[in-house]
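**Student:** Test case, fold it:
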Amino acid sequence: MPLVPLPLPDPGSPDLSSPRGFLRWLGRSQLRGRLLATLWSTLELGALAALPVAIGRGVQAVVDRDTRALLAAGLLALLLSALQTAMTVLVHRRAVWNWIHAASQVRQLVARQASALGGGLSRRIATGEIVAVSSGDVEKIGWYVELTARLYGAVLAWLGVSVVVLWHRPGLGLAVLLGVPVLAAAVWPLLGPFERRYTEQRALGGKASELAADTVAGLRVLRGIGGEELFLRRYRAASQRVRAAAVRTARTWAVMQAQEVLLPGLFVIGVTWYGARLALDGSIGVGELIAVYGATAFLAAPLRVIGEAAHAWSVARVSAGRAVKVLALTREEGLDEEGLDGDGASVSVGAGDGEGAVELMRRAGRSDLHDPVSGLTARAGRLTAVVCGDPDAAGELAARLGGRPALAEGERAKPSVRLGGIALDGVPLAAARAAVLVHDKEPVLLSGTLAGLLDVPRSGRVEPAEALAAARAEDALEALVEGSPECAGDPMAARITERGRSLSGGQRQRLALARSLVADPPVLVLDEPTSAVDAHTESRIAAGLRELRAGRTTVVFATSPLLLDRADTVLLLQQGRVAATGTHRELMAADPRYRAVVTRDEGAPGGAGAGEAEVAVGSGGAQ
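**Tutor:** As a prediction, the model looks like this:
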């Protein structure tokens, strides 16, 4: 039985109208697997229910001294045992696969959402919440999707047993037919309290994960100010609240499990007592009594599955609600989808328009990048520097330049940035990112080899060695070789530890810069790419950057004179708008506001102390 390889080529478009709708969609997306699991489960339970009949016939044959009937009963029991064994293997294999398939599908959806929203995701959902959804919640959802197939099999087997017993013994059959729904319904009053307690536990667990993630991220700062103990006490308190909530949830679940054992046991005792009375009256034989007892005892299996399904439904609905909350987040589109080309002609590009994406890439290398909100224009093929006194505002503008910035709740969308007259918000996200690469102020290095780090989609014009040389990463390469004896002196085979922790901040920054340079995008946006290096190295990086990106559109957000002096054009932004344009030396001589930001003279007009420099620059997208 072939299994679909993972990951899936396309996880699909989920129903995000409600948690129930999401679970229904997830079940429909693997309909074949669930139908097979239902079939195998029905056959497994059917064989289990029929086995006491064969045993009863065998016992009756011994009582009647009927050798032929005894052999037939033994053969039937053997066949039923073989069928049950085979179906047990198949249903377990298919059920586990359904679980893995559903969990993997949800993980892919969450990963796709994180990729689409980028850095804006953390502005909308706490990091700890994302971690909880992609770990514990997907397991609960997968469990429920897998269990529904076994639930359908249990119901079908129960109906089959009820019909057979009802046909032969109407009184017993009626008891079997009505007893299971009554016993199953007995657990429902506990589902409400269980779900409320689990929801509380899940919410507290998410907050604890968020606190842990924030603590780890800021551990170096906390140690510097002596705040480790404060945050440790906070986490301990949050952890204890989670523990207490988990204990309350477990108490309710323990009562539900006790019901699953006690009530079916009482039911089996009652039906067996009734069958024994019939046997004593001579209404049924010993063999039929054994068959009745076996069929009744079999009902414990469907009841156990029904109880497990009730539990799975409770936790899956809560988890699905959390997943829907994440997956329902959207990037706000621009106010319109109309762009203007270089001659002022209108260029209409709808979202998802493949022709628009092709046209964007055709224009990217020879067209200006324009932001209508700030008035910023980066000329094609030139190095443009943007000066701003507010790093946060700069980061927001950089994100806008990359297209489709994720907005905070309640924030209104702004007109789209345009590349060659085409609105970046109006083309598929992948096309916008291929045209404009945004180098973040705090880039992340993934663990692996240096060759793996630089193995990114690229034009092929810039070789890794050229990018590393332009980023002046020589000392970083030496550090990697020293820390990786197994690389035999080859820096490309050297290992990078998680997040590059074995390297200094400046070394990590330069390796990340080399990664962006080797991609060689049509437009490259750099946000403070040399903030962690010394002045001498910064000067060399500025020269290498200008040389390597010659003829390519580059935007650099910086306040360092060493970088600004290498730019073809420098733009000063204040209060969200371009306030001055020129070369670095021209602006230093003629504009006191520019001079105040670059020299960090807080007392000068337009300086940081004047409180006027609310500028919009950021680690934006490269074009």
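
**Student:** mind listing the strands for this protein?
**Tutor:** For the chain, the strands defined by DSSP state E cover 338-340, 346-348, 369-371, 376-378, 383-387, 418-419, 422-423, 436-439, 448-449, 495-496, 523-527, 553-557, 569-574, 577-582.

**Student:** Endpoint to endpoint, stretch 470-490 covers what distance?
**Tutor:** 19 Å (CA to CA, to the nearest Å).

**Student:** before we move on, back to that, can you put the strands of the chain in CSV and add distance to E44?
**Tutor:** The way it works is simple: take the backbone N, C-alpha and C, and place the C-beta from them, glycine included. Formatted as CSV, these follow (distance: least, CB to CB, whole Å):
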stretch, distance to E44
strand 338-340, 61
strand 346-348, 59
strand 369-371, 63
strand 376-378, 66
strand 383-387, 67
strand 418-419, 60
strand 422-423, 58
strand 436-439, 55
strand 448-449, 45
strand 495-496, 49
strand 523-527, 59
strand 553-557, 64
strand 569-574, 69
strand 577-582, 71
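
**Student:** To L109, which of the ones you listed lies closest?
**Tutor:** Relative to L109, the nearest member of the strands of the chain by CB to CB is strand 436-439, separated by 24.0 Å.

**Student:** Quick check: neighbours of the closest one in the sheet, parallel or antiparallel?
**Tutor:** Sheet pairing for strand 436-439, assigned by DSSP bridges, gives strand 523-527 (parallel).

**Student:** Give me the residues contacting the strand it pairs with.
**Tutor:** The set of residues external to strand 523-527 that reach it, using CB atoms under 8 Å, 6 or more residues apart in numbering, is 364, 369, 378, 394-395, 398, 401-402, 419, 435-441, 513, 516-517, 545, 549, 552-558, 617-623.

**Student:** try stretch 201-208
**Tutor:** Applying CB under 8 Å, 6+ apart, the contact partners of stretch 201-208 are 126, 128-129, 132, 136-137, 235, 238-239, 241-242, 245-246, 248-249, 318-319, 322.

**Student:** Okay, now the unreliable bits of the stretch 351-500 of the chain?
**Tutor:** Residues of the stretch 351-500 of the chain meeting the criterion pLDDT under 70: 351-357, 404-412.

**Student:** Would you map the helices across it?
**Tutor:** 354-364, 391-401, 429-435, 450-453, 464-470, 474-483 (DSSP state H, counting those that start in this stretch).

**Student:** highest average neighbour count across the ones you listed?
**Tutor:** Sort the helices of the stretch 351-500 of the chain by mean neighbour count, taking mean count of other CB atoms under 10 Å, and helix 391-401 sits at the top with a mean of 24.

**Student:** and that one, how far from the chain's centre?
**Tutor:** 25 Å (CA atoms, centre = their mean, to the nearest Å).

**Student:** Report all helices and strands that it contacts.
**Tutor:** Applying 3 or more CB pairs under 8 Å, 6 or more residues apart in numbering; DSSP states H and E, we find helix 391-401 packed against strand 369-371, strand 436-439, strand 523-527, strand 553-557.

**Student:** do that again at 10 Å, thanks
**Tutor:** strand 369-371, strand 376-378, strand 383-387, strand 436-439, strand 523-527, strand 553-557, strand 569-574 (3 or more CB pairs under 10 Å, 6 or more residues apart in numbering; DSSP states H and E).

**Student:** angle of that helix against strand 553-557?
**Tutor:** Counting by axes from the mean of the first three to the mean of the last three CA atoms, to 10 degrees, helix 391-401 lies at 160 degrees to strand 553-557.

**Student:** Reformat the helices of the stretch 351-500 of the chain as CSV; add distance to G576.
**Tutor:** Shown next, in CSV, are these (distance: least, CB to CB, whole Å):
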stretch, distance to G576
helix 354-364, 26
helix 391-401, 7
helix 429-435, 22
helix 450-453, 36
helix 464-470, 32
helix 474-483, 36
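
**Student:** With M256 as the reference, name the closest of those helices.
**Tutor:** Nearest to M256, of all the helices of the stretch 351-500 of the chain, is helix 429-435, at 45.1 Å by CB to CB.

**Student:** on that earlier part again, of all the helices of the stretch 351-500 of the chain, which one comes closest to A413?
**Tutor:** Between A413 and the helices of the stretch 351-500 of the chain, the tightest spacing by CB to CB is seen for helix 391-401, at 10.6 Å.

**Student:** L517 and P464 touch, don't they?
**Tutor:** Yes: using CB atoms under 10 Å, L517 is in contact with P464, at 9.3 Å.

**Student:** Overlap in contacts, those two.
**Tutor:** The overlap between the contact sets of L517 and P464 (CB atoms under 10 Å, 6 or more residues apart in numbering) consists of 454, 458.

**Student:** Burial check on A82, number of neighbours?
**Tutor:** Residues lying near A82 (other CB atoms under 10 Å) number 11.

**Student:** So it is in contact with A47, correct?
**Tutor:** Yes: if you go by CB under 10 Å, A82 and A47 touch, sitting 8.7 Å apart.

**Student:** got CSV for the helices and strands packed on helix 391-401, with mean neighbour count too?
**Tutor:** CSV is the format used below for these (neighbours: other CB atoms under 10 Å):
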stretch, mean neighbour count
strand 369-371, 22
strand 376-378, 23
strand 383-387, 27
strand 436-439, 27
strand 523-527, 28
strand 553-557, 29
strand 569-574, 24
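
**Student:** Indicate which one of the helices of the stretch 351-500 of the chain is closest to H311.
**Tutor:** Nearest of these to H311, taken as CB to CB: helix 429-435 at 39.2 Å.

**Student:** which residues touch M256?
**Tutor:** With CB under 10 Å, 6+ apart, M256 has these contacts: 186-188, 190-191, 193-194, 307-308, 310-311, 314.

**Student:** quick one on the thing from earlier: how about JSON lines for the helices and strands packed on helix 391-401, with distance to L8 added?
**Tutor:** Conversion of the helices and strands packed on helix 391-401 to JSON lines gives the following (distance: least, CB to CB, whole Å):
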{"stretch": "strand 369-371", "distance to L8": "36"}
{"stretch": "strand 376-378", "distance to L8": "39"}
{"stretch": "strand 383-387", "distance to L8": "41"}
{"stretch": "strand 436-439", "distance to L8": "27"}
{"stretch": "strand 523-527", "distance to L8": "32"}
{"stretch": "strand 553-557", "distance to L8": "37"}
{"stretch": "strand 569-574", "distance to L8": "44"}
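
**Student:** between the ones you listed, which one is nearest to F298?
**Tutor:** Here strand 436-439 is closest among the helices and strands packed on helix 391-401 (CB to CB), at 62.5 Å.
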